[in-house]
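K.L.:
what follows is a predicted structure for the sequence shown.
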Amino acid sequence: MPRYDFSSHRLFVTHPLTPGASIALTREQANYLVSVLRLQEGDGLLIFNGSDGEWRARLHGGTRKAPLLECLGQVRPQPPAGDLWLVFAPLKSARLDYMVQKAVEMGASRLVPVITRRTQVARVNLARMQANAMEAAEQCGILAVPEVAAESRLDQVLAQWPAGRTLVFCDEDAESDDPLAALAGLGRDAPKALLIGPEGGFDPTERDLLSRVPGCVRLSLGPRILRADTAAVAALALVQAVAGDMCA
């Protein structure tokens, strides 16, 4: 696979990418390229849309306030899609931003906010989550931006849990203190989801619902109590290292 080009600016677009395609930019994208990055007619950058790989493009045509991009040629093909969901109780803004960014870096393919009995945030700014996910992908050379699901109650999500998707439940009360052993049986290509609870933990009713999910794996993250955003990063690293796209 070609090496990442971290010297070039990268931009996520929603248009199909084909040789010679002319791509109109949103007002925000145009302002970023022209006013912030100071790009001019003919200057190049890398673009991706989550399905057609990464392409080299240049500013070509349009106006200063509404420039166009010309799609020149593919530099990296689209890699196979991962299948790792991050299901989590929403956090307050800055810490949620951090969790979303790190989840994208760690290869999460779908972000699913769930409202639990002890969740401190009742509503989620989905547009902000999507913007953070897009920015993380642009900055880190990632070619897929995860889907952001609307928030739902945990009991509703568990009642409709898809058959065949393993749920890895981060549980401070898990009996095993060896997270690698707990994850050893998960197949690399098997669909998985990682569940991170609220800072106050799950209540007994929710724990009972989780115990009824077929194939649910309880995962201990060690002797220390981690904040939810830290726990998400640690657990994603473990799952990806043992049964994900970071394993050999």
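P.N.:
The structure has been received and is ready for your questions. Numbers count the residues shown, from 1 in each chain.

K.L.:
how about P214: what's its closest non-neighbour residue?
P.N.:
Spatial nearest neighbour of P214, excluding adjacent residues (C-beta to C-beta, 6 or more residues apart in numbering): A163 at 7.5 Å. (Each C-beta comes from the backbone N, C-alpha and C, glycine too.)

K.L.:
burial of the one you found, as a residue count?
P.N.:
Neighbour count for A163, taken as other C-beta atoms under 10 Å: 6.

K.L.:
over to T18?
P.N.:
For T18, the count of nearby residues is 10 (other C-beta under 10 Å).

K.L.:
please apply the same query to P80.
P.N.:
Neighbourhood size, P80 [other C-beta under 10 Å]: 8.

K.L.:
helix or strand for the residue nearest to A21 when sequence neighbours are not counted, which one?
P.N.:
Excluding its sequence neighbours, the residue lying closest to A21 (C-beta to C-beta, 6+ apart) is C71, at 4.1 Å. C71 belongs to strand 67-76 when assigned by DSSP states H and E.

K.L.:
ok, that strand: who's next to it in the sheet?
P.N.:
Applying DSSP bridges to the sheet, strand 67-76 is found paired with strand 22-24 (antiparallel), strand 54-62 (antiparallel).

K.L.:
quick check: the residue lying closest to A108 once chain neighbours are set aside vs I115, distance?
P.N.:
The shortest distance from A108 to any non-neighbouring residue, by C-beta to C-beta, 6+ apart, is to L86 (4.3 Å). Between L86 and I115 the computed distance is 15 Å (C-beta to C-beta, to the nearest Å).

K.L.:
looking at these two, which is more packed in?
P.N.:
Using other C-beta under 10 Å, the more surrounded residue of L86 and I115 is L86, with 26 against 20.

K.L.:
ok, what's across the strand from that one?
P.N.:
Here L86 sits in beta bridges with L111, L194, going by DSSP bridges.

K.L.:
ranges for the helices of this structure?
P.N.:
Here the chain has its helices, by DSSP state H, at 27-31, 93-105, 126-140, 154-159, 179-183, 204-211, 228-243.

K.L.:
that's all I had, so thanks and see you.
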